[in-house]
Every structure is written in C-alpha cells, then in structure tokens.
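Chemist: Here is a sequence together with a model predicted from it:
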Amino acid sequence: MRLLSGADNFSLHADDSIGLDSLVLSDGPTGVRGEIVVGGRESCLLPNASLLAQTWNRDALTEAGQILAEEAEAQRTHVVLGPTINLHRSPLGGRLFEAFSEDPLLTGHLASSYITALQARGIGASAKHFLGNESETERTTVDIQMTAKTLREVYLAPFEIAVTDSNPWTVMAAYNSVNGVPSTEHHELITRVLKDEWGYDGVVMSDWYATKTVVESAAAGLDLVMPGPATPWTATLLEEVRAGTVSEEDIDDHVRRLLLLAQRVGGLAISRSWPEGIAAPASETRREQLRRLAASGMVVLKNVDETLPLHEDASYALIGRHATDTIGQGGGSAQVRAPHVVSIVDGLTSRLGAEHVAFTDGVETRKTLPTVRPALVRDPETGEHGIRVRIFDDAGELLHSRHLEVAELEDSQIGWLEGAARIELSATIDVREGRMVQLGTRGPGNWRLVTDGHDGSYRVDYHPGPGGGFFRPKSHATAVRVEPGQLVTASVEREEMPRILGLVVSEAVRSSASAISGASAAARTVDVAIVVVGFTPDQETEGEDKTTLSLPGDQDALVAAVANVARRTVVVVNAATPVLMPWLDDVEAVLFTGLPGQEAGDAVAAALLGDVLPEGRLVTTFPGGNHRGPAWSTTPRRGALEYAEGTSLGHRGWFESGEKPAFWFGHGLGLTTWEYSDAQIARSPDGRIDAVEVSVRNSGEHAGRETVQIYFDPEGDEPIRLIGWGQSDAMPGERVRVHVACDHRMQRSWDQDADAWIPLQTGTILIGRGLGDVRVTIP
Ligand code: BGC
C-alpha cells in the first residue's frame, strides 16, 4: 500500500526486501528540471514543445527525446514527466507552449517519436494530462464537457496514438473533471478505454495533489498518487481494503504495474548503472543540437521582396525589449535552470559583427519583473556571480549563510531553511557605470529593501489561485540610482505557503513615446530594421490563461512606427502561441520563433541568415482578431467548460465556417517556393486511404524542406482533417517524390449509439501547404 503513494515530491518509495529502488521523477517536458523549480541543477533547456512540433519532423522529436534521456541519466532520474499531449483548443490556453498542436494526428505522432526515443534508453515517459486539460482557468476544479464523439475522435486520439504506437510507461491523470467525473476517478477513461480497450499496461499517476478520494480513485484504475509522503491513500486506503470497499485485486493490479515500471526503468532487482561522460548542458554538442532544433522549427510567416534570408553585408537596427530579454521558455512546472539563454542581440551580433548591428531598446512589455540574471549581481562575501542568502531565527540569530549561483530560491523545498524566521538575499550590483534601474524583489511576503539612499518596506501578495506564490510570483520594484558595486539587501519574513523569492534589477522604465521615437530614429538610418516582439512569461504560463492575443504594452505601436520609416522591416515574434499582427501589411517579413530554449539568440540568427533553414509550419491556426475561431473562451460557467465546437476545433472549424484566419495551421513559407504535380493515391480494400504520393519541385533560389500535408474532407457532416504528412529536402530546381502514409485512425467516425467506430470511406482529398494553400484536390 505504501508503494502506491509518492515518498516525497518527486520520488517513490524503495523496498529493500524486494530489491526495489526509489524511483526518481522529474518534470518535463522541455528539459529535465530535477526536484526544485528554481535554483536546481543546470540542465538543457530545449526549444518549447510547440516549436519542436513546428518542425513537423519525427526525427527532431526523436533527437529531443534522446537528449532528454541523457539529461535524465545525468541526473539519475527514472521518469520524465512529459510529453504534454493536450491539444491547442483555444489560443488563449496558458499552457499551449508545453503542448504540441491543435491537431490530434500531428500531436500523437510527434509524441510517439519523443516517447520511443526516451524509453529506448530506459527512461520512462509520462503522457499527460489525461484528459481535457486544454486550458488553465479553474484547472483544478473545472468540469470539461464534451460528447462521446468529440472525446473519442479528438481528445482521446493523441493518447490513443501514443499508447498504441509507443506505450508510454506512465500516464498522468489531469486535475479537471470530464463530463462530471474527476480525471483521477474516471473509471470509464482510465480502466475501460485506456487499460482494457487499448491494452495499456503502464502506471496511471495523478497530477500533483489532484487526488481527492480513496475508494473512487483506487477503483477507477488510478495506480499512483502524487506527491507524497501524505496522500489521501496513505491515510485510509488500507482500512478501505480491510472493509472490502476497495478490492485486493485492484491493489494487486496497481502494485504489479508499479513493479513493471520499476523493472522497465532499471529499479527492480538490479539497480541500473548510470553512464558517465554525458554531454554537459553547455557543451558544444548540445549547443549545436539545440540551436539546430530551434531554428529549424521557426516559421517564416511572411517574406516579400526576398527580405529573408538576411545578407551579411547590410546594416541593421535591432529593436525591442525581447532582443535583450529573450524568452527561452514558458512559466510553471516545465521551467528548467538553463546554463544560459543566448539573447537575440548577442546571437545576431556575434553572427554579423557589431559593426552591422545597432541595438535600440523598445517599449516596456512586462507586468511582473523577472529575477535578475546572475551575471549582473555578485555575492558580497565571495565576489562570485549570484547572491548571498542568510537566514535568521526568531531571536535574530544567524542560523545559516550560503552562496547561490542564481538570484532566487524556493523556500518550501530546501532543508537548510529549517527554523528560519527571516530570509535575507543580498548582492552587490555589477554595472559598469552608475545608472537608474528598477530595484526590488520577486515573490510574495513582507519585504524590506535597503540600499544606499533607499530603505523601503512593502508587502507583495500571492497571485490569486493555486500555486500563486510559486508559478507566477509577483514582483515589486522602485526606481533607484545604483553605482558599480553598490550593496542591496532584501529580507522577507518566513511564511507557510510555498513560494519563490528573488532579487530584481531591471531596466529603468521609459515612456513608450521616448522608446518609439528612439527606435524610429534608429530605423531610418539602416538597410533593415528588425523589431523583436513577444509575449511575456506572465502570459505563456501554467496556471493562467491569456485574455487577449494582442502583444502586451505598446509593442504594436512600436512596430507600426518603425515600419513607417524603415526601408525594410523584419518582425521577429518571440512567442509560442498566436499573436495578433495589426501591422502585418506594413512589414516585409515575419519570423515566428516560438520559445527557442537556451540557444535562442543564436537560433534566431541562424534562421534569419538561412544558416539553418527555418522550415517550420504552424501547429495552430492564427486568428486575425480576438474572439474569432471555433473555440475562444476558456472561462468556465458555473464550474463547467463546454467544448461546444465538438470535433471542429482549430483549422477544421475555420474551414467549415468559410472565414479566413490570419495564418492557417500548416502555413510556413521557408525560404523557397514549390510546385506540385502527379499525385497518386493508394487505398485499402475498405476504401480508406493508405498513402498519397506526389512530386514536388523546388522552384525557388534556396534549398528547402517541403512538408506535404494531406487533408481529407469526408462526405456528409464530418469535418475536414489532417490524415498524414511527409517531408523531403530538395535543392533549387530539384524534383522529388514524397510518399505520405495516411493514418486510418483519422478516417473513422465514432457512432455514439453503437459505441463503435465506422470507417469514413468517401470524400475529397486536399494536398498542400495548409488549407490556405491547397495545390491538388482529388474528389
Ligand atoms: C503540473 C504537471 C507537473 C506536476 C509536477 C503540476 O502542476 O500540472 O504537469 O508534472 O505539477 O510538477
């Protein structure tokens, strides 16, 4: 019974009597974070999931899975909590950056490559969150309502593909309910569909703190309750078994699955030996891999007059806050401590030379200021980069003092904070010359901030909602002038709730008017202005949904002003999810970069120059305005969120409505152009499509990789859907034949009355580059 609850936050119980090791789990899915959210071990920060998915390339996902497996080995971790295979339903979903796409087929296939690669090295994957966790508002309580048809054809589909094709050794049950039943208690989903129908033999674990019951969850098929040590099951599961309300067979089944997991990951009978000499996160090998993976998923949304690729000998004005504060990852449990995040200004300057790139800061974008980068502060005692943390007891006695390599800490997980009544963070500021900055702290609590000429006390509140001190800690800062080497001391009283605490040293706030006039002046004097815009980590985060797709702050005004005066304008969008672009007609090129991970700036430079071909295709439809598209609101009504668009989510719904989005799912120009011809179809005896072959010719000036997409529009009321895709590389002028296997699982419809699948045999086949650029139609 003990084995069926976690031993602590991220490990499971050992049992020497049966040779069972303590299995270690780690988030996932974009890096192997380890046990604590901030300040843990440095580890590789991969491109975010939707950027990886934008490659539409199974090999890229295989490579990502291999890197994660090695990272897990380096950290002696048995299970990585990923991939996230919920779908991009509404573009407002806060956690879309962590999930692959709006399409069940694309998501299922890419997830399978990731899972297969991870598990090939004996590291378990966890397909999450089962089921219906497409948005974050009221995520722990919301009841997701959908028809059985929608459930089967859309939201179960990526899990079915992943389970059938790659058998993830664990699956994580979601926080939300589905049609009135909490996911952790969902017998129909966990036992009837996943385990019995699909033959799943792995472990179903709960999301963290999601399990609220004992009898219902244990009997539904949930195998493992996380985290431990105290869970509803440790309290009364044994009594329930004795009372006969939970059967011994159910418990045996949970234990058998757990032992099978242990055996699979090398934690039973013979402990696995962990390899040495794995490439370090900042090694050249990793840097090359992560730069290439990120750049190849970037999407060229617009490119007129051959503006891209950029030329080496031109002059550039690089503009915008995201050029220096480049966002490499989204917020929440997926966060990892990267060895570095290369900014776009550093990436482009090192690629083109400082004489070609002049940087100008843009408008303010963030509501919550981030923790200062360690390179900008030093420990006052040792002079090393980072900060000093001292803790004091009730009587004001110093209990402990230590150096931290980062400027933040998590005050719930750390043993040496035991007994603290007050925590003090101190640092000297490493600026080259005196200047105005925003100085303050991050994280909730009663703070006092002291530096030369400033002594202030204030309270920062918890962000409303679960995990509010943790995933989205608020910040407080004041405009202060600092000199090189100036000491800053911030202290905060100890509180019960888990939270993140950090020091903030940020750019002084400027008015948008002065930022925009500075940017316009810079843009006038060069060949090309490159404006970098994006969302902030407050917007693309676990725990909260966006409310608008508009860029924060006055970024739209900044782009418009630059485009008005520049000879040519390239906009680089550093965001993972759809963004509104009111200035689109006025700029020459747009590169959508996603959240590119630790090598961000080098990857953006490589994509802009064409060193790595930016052959990404969108994985989500971009609406032209707010409130558009088949699914918009993520706000539950009286606790329930209805998936009223049914099976017509994303491009399927847009196609049905006849309305044109700003950019279709599947859109991406790359750097060259393509011609299609000679399509052929192979069908199976029941009429379903097995494969499509088509010739594509690279008709442009640059090498390229074409992603041929096959859509099927069934006769009758069923929505159009992607049934397969294939890729091929070709040099200018080269013609290649592309073979695309088409998945039968996307060519069937769920008959709710019969509780059975019916094959979809007749309809139209559309071959092309997204539904906005169909090249061949076969009735
Ligand atoms: C997230 C999971 C994550 C878990 C452990 C939860 O808040 O929803 O995706 O794996 O925390 O950190």
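Modeler: Structure received.

Chemist: domain ranges for the protein?
Modeler: Taking automatic domain parsing as the criterion, the chain consists of the domains 2-264, 297-365+511-631, 374-507, 672-778.

Chemist: will you turn those domains into a markdown table that also has distance to Arg637 and mean pLDDT?
Modeler: Bear in mind the C-beta positions are built from the backbone N, C-alpha and C, glycine included. Converted to a markdown table, the domains of the chain look like this (distance: least, CB to CB, whole Å; pLDDT from 0 to 100):
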| stretch | distance to Arg637 | mean pLDDT |
| --- | --- | --- |
| domain 2-264 | 10 | 97 |
| domain 297-365+511-631 | 14 | 96 |
| domain 374-507 | 18 | 91 |
| domain 672-778 | 24 | 97 |
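
Chemist: Quick one: closest of those to Gly653.
Modeler: Counting by CB to CB, Gly653 lies closest to domain 297-365+511-631 out of the domains of the chain; the figure is 2.7 Å.

Chemist: Dump the domains of the chain to CSV, plus distance to the ligand.
Modeler: Output for the domains of the chain, formatted as CSV (distance: least, CB to the nearest ligand atom, whole Å):
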stretch, distance to the ligand
domain 2-264, 4
domain 297-365+511-631, 4
domain 374-507, 7
domain 672-778, 26
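
Chemist: residues in contact with the residue lying closest to Pro29 once chain neighbours are set aside?
Modeler: In this structure, Pro29 finds its nearest non-sequential neighbour in Gly82, 2.5 Å apart by CB to CB, 6 or more residues apart in numbering. Contact criterion CB atoms under 8 Å, 6 or more residues apart in numbering gives Asp27, Gly28, Pro29, Thr30, Ala49, Leu68, Tyr114, Ala125, Ser126, Lys128, Ala334 as the residues in contact with Gly82.

Chemist: Which members of these occur in strands, if any?
Modeler: Ser126, Lys128 (DSSP state E).

Chemist: residue contacts, the closest residue to Ala375 other than its chain neighbours?
Modeler: Spatial nearest neighbour of Ala375, chain neighbours left out: His385 (5.6 Å); criterion: CB to CB, 6+ apart. Going by CB under 8 Å, 6+ apart, His385 touches Pro374, Ala375, Val377, Arg378, Asp379, Glu405, Asp430.

Chemist: With Ala279 instead?
Modeler: Taking CB under 8 Å, 6+ apart as the criterion, Ala279 is in contact with Glu70, Thr285, Arg286.

Chemist: Could you find the closest non-adjacent residue to the first one?
Modeler: By that I understand Glu70. Of all residues not flanking Glu70 in the chain, Ile278 sits nearest, at 4.8 Å (CB to CB, 6+ apart).

Chemist: Count the residues that sit near the one you found.
Modeler: Other residues near Ile278 number 18, with proximity taken as other CB atoms under 10 Å.

Chemist: picking that back up, would you reformat the domains of the chain as JSON lines and include distance to Phe665?
Modeler: Shown next, in JSON lines, are those (distance: least, CB to CB, whole Å):
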{"stretch": "domain 2-264", "distance to Phe665": "6"}
{"stretch": "domain 297-365+511-631", "distance to Phe665": "5"}
{"stretch": "domain 374-507", "distance to Phe665": "28"}
{"stretch": "domain 672-778", "distance to Phe665": "6"}
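
Chemist: Now the phi/psi pair for the residue in the stretch 551-700 of the chain that the ligand sits nearest to, please.
Modeler: Here the stretch 551-700 of the chain gets closest to the ligand at one residue, Thr634, 15.7 Å apart by CB to the nearest ligand atom. The phi/psi pair for Thr634 (degrees, to the nearest 10) reads phi -110, psi 10.

Chemist: Identify the residues contacting it.
Modeler: Applying CB under 8 Å, 6+ apart, we find Thr634 in contact with Ser90, Leu92, Gly93, Glu134, Ser135, Glu136, Thr137, Asp545, Leu641.

Chemist: Recalculate using a threshold of 6 Å.
Modeler: Counting by CB atoms under 6 Å, 6 or more residues apart in numbering, Thr634 touches Ser90, Leu92, Ser135, Thr137, Asp545.

Chemist: Find the nearest non-adjacent residue to the residue nearest the centre of the chain, please.
Modeler: By CA atoms, centre = their mean, the chain has its centre lying nearest to Glu98, at 2.4 Å. Closest residue to Glu98 apart from its sequence neighbours, by CB to CB, 6+ apart: Thr84 at 4.5 Å.

Chemist: so who does the one you found touch?
Modeler: Thr84 is in contact with Pro29, Glu98, Ala99, Lys128, counting by CB under 6 Å, 6+ apart.

Chemist: and if we set it to 7 Å?
Modeler: For Thr84, the contact set (CB atoms under 7 Å, 6 or more residues apart in numbering) comprises Pro29, Ala49, Glu98, Ala99, Lys128.

Chemist: and which of the residues you listed is nearest Asn9?
Modeler: Lys128 (16.4 Å).

Chemist: That closest one contacts Met172, correct?
Modeler: Yes. The pair Lys128 / Met172 is scored as a contact, 3.6 Å apart, by CB atoms under 7 Å.

Chemist: Now for these two: what residues contact both?
Modeler: Contact criterion CB under 7 Å, 6+ apart; residues shared by Lys128 and Met172: Leu81.
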